[in-house]
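>>> coordinates only, sequence not included:
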């Protein structure tokens, strides 16, 4: 049973470009969470999605950031017009149901903005 | 300030026990987790404890929870070089899916 998959593992973008981060949850999991880890900090919640629905995006910046989890395919975190401050590790987690179920994390995507 | 606090660094000799401490603020927290992050890698779930428990043991790992003081600790017995990593404490509040993480404790195991 494969774990949570994320790709790419490393992504380099120049300022103003777009970054697309992908997350495939564990088999049987229909709930996806995105977290961001800035250098030397803990993870901060960004967004919680179920298939075709955004449940909570309270941790996501209002501009330039968007997330989706389509009926088919992986969840996508999209960052438009990246800036240097977007450089961070972005982790995806999944759970079979919401709330109290344990979240299992992927290996993360490390975004570097030049 | 952070809702979950941890000391930043711990150095321990190989073979000794490591104790990593964490304090949290929300008394409604239901689950408390310990995750391990090795350099350049993702978070690996090590163990968790439900808030109605005081202690949980899993092989070399012992988790102690003092709910009154909102204090959580992770003890690693017979620490090995492979235990060198960053350890994150995280809380899940009642009816809330968001995990709140501490900043992580970097554990360095020296020979």
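Yep, it's here. The model shown is predicted, which means the values in this text are computed figures rather than measured ones.

>>> in stretch B:48-62, what's buried?
For stretch B:48-62, burial by neighbour count (16 or more other Cβ atoms under 10 Å in any protein chain shown) applies to B:48-49, B:62. (C-beta placed from N, C-alpha, C; glycine too.)

>>> same thing with stretch B:14-26?
B:18, B:20-24.

>>> quick check: end-to-end length of it?
The first and final residues of stretch B:14-26 sit 35 Å from each other (Cα to Cα, to the nearest Å).

>>> can you tell if that stretch touches chain A?
No: judged by Cβ under 8 Å from any Cβ of the partner chain, stretch B:14-26 stays clear of chain A, getting no closer than 10.8 Å.

>>> who touches the strand or helix carrying residue B:46?
Using DSSP states H and E, residue B:46 sits within strand B:43-50. Contacts to strand B:43-50, defined as Cβ atoms under 8 Å, 6 or more residues apart in numbering or on different chains, come from residues A:43, A:91, A:102, A:104-105, A:108, B:30-38, B:55-56, B:58, B:61, B:63, B:65, B:72, B:74, B:87-88.

>>> just stretch B:3-20 next, same as before
A:42, B:21-26, B:34, B:73-81, B:83, B:87-91, B:100-111.

>>> before we move on, the earlier item: weed out the non-buried ones from the contacts of strand B:43-50.
Using 16+ other Cβ under 10 Å, the buried ones in the contacts of strand B:43-50 are A:43, A:91, A:104-105, A:108, B:30-37, B:63, B:65, B:72, B:74, B:87-88.

>>> tell me the strands beside the strand holding residue B:46, with direction?
Pairing partners of strand B:43-50, with direction, according to DSSP bridges: strand B:29-37 (antiparallel).

>>> spatially central residue in chain A, please.
The residue lying closest to the centre of chain A (Cα atoms, centre = their mean) is residue A:34, at 3.7 Å.

>>> check contacts around that one.
The contact partners of residue A:34, by Cβ under 8 Å, 6+ apart, come to A:23, A:45-47, A:49, A:60, A:67, A:75, A:77, A:90-93.

>>> let's go with 7 Å and repeat that
Contacts here follow Cβ atoms under 7 Å, 6 or more residues apart in numbering or on different chains; on that basis residue A:34 touches A:46-47, A:67, A:77, A:90, A:92.

>>> from chain B, how far out is it?
11 Å (Cβ to the nearest Cβ, to the nearest Å).

>>> excluding chain neighbours, what is closest to that residue?
residue A:46 (4.4 Å; Cβ to Cβ, 6 or more residues apart in numbering or on different chains).

>>> before we move on, what about residue A:112?
Per Cβ to Cβ, 6+ apart, closest to residue A:112 is residue A:12, 4.9 Å.

>>> model confidence for the one you found, exactly?
pLDDT for residue A:12: 98.

>>> hmm, it is touching residue A:114, no?
Yes: counting by Cβ atoms under 7 Å, residue A:114 is a contact partner of residue A:12 at 6.5 Å.

>>> neighbour count winner among the two?
Taking other Cβ atoms under 10 Å in any protein chain shown, residue A:12 and residue A:114 do not tie; residue A:12 has more neighbours (13 against 10).

>>> report all helices and strands that the strand or helix carrying the more buried one contacts.
Following DSSP H and E, one finds residue A:12 within strand A:10-13. Counting by 3 or more Cβ pairs under 7 Å, 6 or more residues apart in numbering or on different chains; DSSP states H and E, the packing neighbours recorded for strand A:10-13 are strand A:109-113.
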